[in-house]
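**Q** Quick one, structure for this:
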Amino acid sequence: MNKDFLILSAIYLIFAVPLSLMDSKRFRISLPLLVFGTVAILLFRLGFSAGSNIAIAKNLLIASLSSFLIYFCTRVLSGEGLGWGDVFFGTFSSIYTGFYMNIIATVFAALLGMLYYLFLTMIQKFKKKKFVHRPIFAIPFVPFITAGSVFSVILFYVIA
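**A** Numbering: from 1, shown residues only. Got it, this is the predicted structure:
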């Protein structure tokens with residue numbers, strides 16, 4: 001495996017795991033921690049990674065903008081079902097994954113979130129022994145973005 005991949009993943013997880021736990025417990029994330037994580041990943045990607053800094057910066061800019069637009073549009077179209085923390089964290093994760101893997105990471109995050117939602121729905125139905133559909137649950141989405149990002153990067157490095 002690539003040494004840069006391991007260091008980058010460690011930096012990402014140092015910030016992503018505490019933010020995921022915060023979101024799971026309080027449905028809030030620490031924006032200062034998110035900013036520090038973004039700066040740390042950017043410094044590593046632009047300062048220590050192999051390759052052209054211009055090409056890397058271009059990829060990260062496109063990844064960040066596209067990720068922000070995807071999560072922002074999802075927020076708007078879902079009636080603010082996604083919080084601003086999810087939007088910003090999705091943008092932060094795109095700096096870790098890059099443009100192409102970010103698309104895959106977003107799909108994985110959405111699938112994991114839907115599976116978790118279905119699991120909670122089934123548990124609720126069986127606990128109450130009523131089969132009345134109640135479609136509104138609040139679920140933290142940052143852990144799913146984290147899992148999708150890590151899974152897509154691992155998948156990329158295993159295949160490549």
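**Q** so residue 86, which of the three states?
**A** Secondary structure, DSSP: H, G, I helix; E, B strand; the rest coil: residue 86 is helix.
**Q** who's in contact with it?
**A** Contact partners of residue 86, counting by Cβ atoms under 8 Å, 6 or more residues apart in numbering, are 23, 71, 75, 141-142, 145. For the C-beta atoms, the positions are set from N, CA and C on the backbone; glycine is no exception.
**Q** All the helices of the protein, in order from the start?
**A** For the chain, the helices defined by DSSP state H cover 3-26, 31-47, 53-77, 84-97, 99-128, 142-159.
**Q** What about the contacts of residue 86, which one has the most neighbours?
**A** Counting neighbours by other Cβ atoms under 10 Å, the top entry in the contacts of residue 86 is residue 145, with 30 neighbours.
**Q** and the gap between it and residue 48?
**A** Distance, residue 145 to residue 48, by Cβ to Cβ, to the nearest Å: 24 Å.
**Q** Quick check, central residue of the chain?
**A** Among the residues of the chain, residue 145 comes closest to the average C-alpha position under Cα atoms, centre = their mean, at 2.6 Å.
**Q** Excluding residues flanking it in the chain, which one is nearest that one?
**A** residue 109 (4.7 Å; Cβ to Cβ, 6 or more residues apart in numbering).
**Q** So for the worst-scoring helix or strand of the chain on mean pLDDT, what gets flagged as buried?
**A** Least confident helix or strand of the chain, by mean pLDDT, DSSP states H and E, is helix 99-128 with a mean of 89. Applying a neighbour-count criterion of 16 or more other Cβ atoms under 10 Å, one finds 99, 101-106, 108-110, 112-113, 116 buried in helix 99-128.
**Q** What is the nearest of those to residue 14?
**A** Proximity of the buried residues of helix 99-128 to residue 14 (Cβ to Cβ) peaks at residue 105, which lies at 18.0 Å.
**Q** tell me the contacts of that closest one?
**A** Applying Cβ under 8 Å, 6+ apart, the residues contacting residue 105 are 93-94, 97, 145, 148-149, 151-153.
**Q** and with 10 Å instead?
**A** With contact set as Cβ atoms under 10 Å, 6 or more residues apart in numbering, residue 105 has these partners: 67, 90, 93-94, 96-98, 144-153, 155-156.
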